[in-house]
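A.B. asks: fold the following and give me the result.
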Amino acid sequence: MLFQRKDGAKYVAERPAKTAPGQQYEYISGATVLLCQVIREVVGGSLADYWLFPRQALFNRIGMTSAVLEVDAGGTFVGSSFMYATARDWAKLGLLYLQDGQWEIDGKWERILPAGWVEHSTAPSQNADFYGAHIWRGVPNSFTSKPRNDDEWPSGAYLAAGYQGQFVTVIPDKELVVVRLGLSVRRHSWDQVQFIKQILLALTTSTR
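C.D. replies: Presented below is the predicted three-dimensional model:
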């Protein structure tokens with residue numbers, strides 16, 4: 001899909017479904033690629049209009065000036081991967097979620113994401129308590145040093161997970177956003193759960 005097809009969304013749409021919708025959870029990046037095609041159709045207009053949409057609707061409004069989204073050979077955003085930004089700009093995206101999809105612009109709070117979207121996207125999916133609407137409610141097992149133990153994960157915390165261990169973690173109870181842009185190729189070579197635990201411990205110690 002990513003490297004051998006011009007139109008990733010078309011390729012995904014033509015694959016036969018294993019089960020009926022809602023019957024089984026399985027992480028698949030093709031779902032995000034399909035959504036990027038849907039967005040392209042909804043935005044309409046020229047290809048340039050579509051390419052400008054995320055910058056005008058999101059990036060520019062919250063100051064993510066470094067953000068770049070790659071497209072496939074047909075011009076559709078991949079979405080499931082290949083988005084690049086500085087750590088500070090990724091933190092802005094996390095802060096947007098922390099602020100329930102709102103951002104202060106020129107002294108006034110504006111709604112960037114639809115009301116209720118943050119709550120919806122961070123709620124458990126059917127058949128997958130640890131995954132919401134493109135948001136992880138816990139760390140994927142490949143980025144822990146042992147099988148996931150949800151008791152070690154801060155209550156209410158959620159994250160966006162990158163391909164090789166890049167994370168934007170939001171911990172609402174602590175009003176905290178943590179960005180990690182490291183590169184961890186091998187499975188279990190990075191433990192995001194312990195990383196967050198150490199950060200929380202350091203913050204607790206520093207405020208005593």
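
A.B. asks: the strands in the chain, which residues?
C.D. replies: Taking DSSP state E, the strands of the chain run over residues 68-69, 83-84, 102-105, 108-111, 158-161, 167-171, 176-180.

A.B. asks: among those strands, which is nearest residue 23?
C.D. replies: Taking Cβ to Cβ, strand 158-161 is the member of these nearest to residue 23, at 24.0 Å. In this view, the C-beta of every residue, glycine as well, is placed from N, C-alpha and C.

A.B. asks: thinking again about what came up before, mean pLDDT, mean neighbour count and distance to residue 201 added to the strands of the chain, as CSV?
C.D. replies: CSV is the format used below for these (pLDDT from 0 to 100; neighbours: other Cβ atoms under 10 Å; distance: least, Cβ to Cβ, whole Å):
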stretch, mean pLDDT, mean neighbour count, distance to residue 201
strand 68-69, 96, 14, 35
strand 83-84, 95, 15, 31
strand 102-105, 97, 14, 30
strand 108-111, 97, 10, 33
strand 158-161, 95, 22, 18
strand 167-171, 98, 23, 13
strand 176-180, 97, 19, 13
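
A.B. asks: and those strands as TSV, adding distance to residue 20?
C.D. replies: Shown next, in TSV, are the strands of the chain (distance: least, Cβ to Cβ, whole Å):
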stretch	distance to residue 20
strand 68-69	32
strand 83-84	31
strand 102-105	37
strand 108-111	35
strand 158-161	27
strand 167-171	32
strand 176-180	37
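
A.B. asks: closest to residue 18 out of these?
C.D. replies: Within those, the stretch nearest residue 18 is strand 158-161; the backing value is 23.0 Å (Cβ to Cβ).

A.B. asks: quick one: contacts of that closest one?
C.D. replies: Here strand 158-161 makes contact (Cβ atoms under 8 Å, 6 or more residues apart in numbering) with 93-94, 97, 122, 132, 134-137, 139-140, 143, 167-170, 192.

A.B. asks: so which of these are in helices?
C.D. replies: If you go by DSSP state H, the contacts of strand 158-161 have 93-94, 97, 192 in helices.

A.B. asks: considering the residues you listed, which possesses the most neighbours?
C.D. replies: residue 192 (25 neighbours; other Cβ atoms under 10 Å).

A.B. asks: test my guess that it contacts residue 168.
C.D. replies: No: using Cβ atoms under 8 Å, residue 192 is not in contact with residue 168, being 11.1 Å away.

A.B. asks: understood, closing this out.
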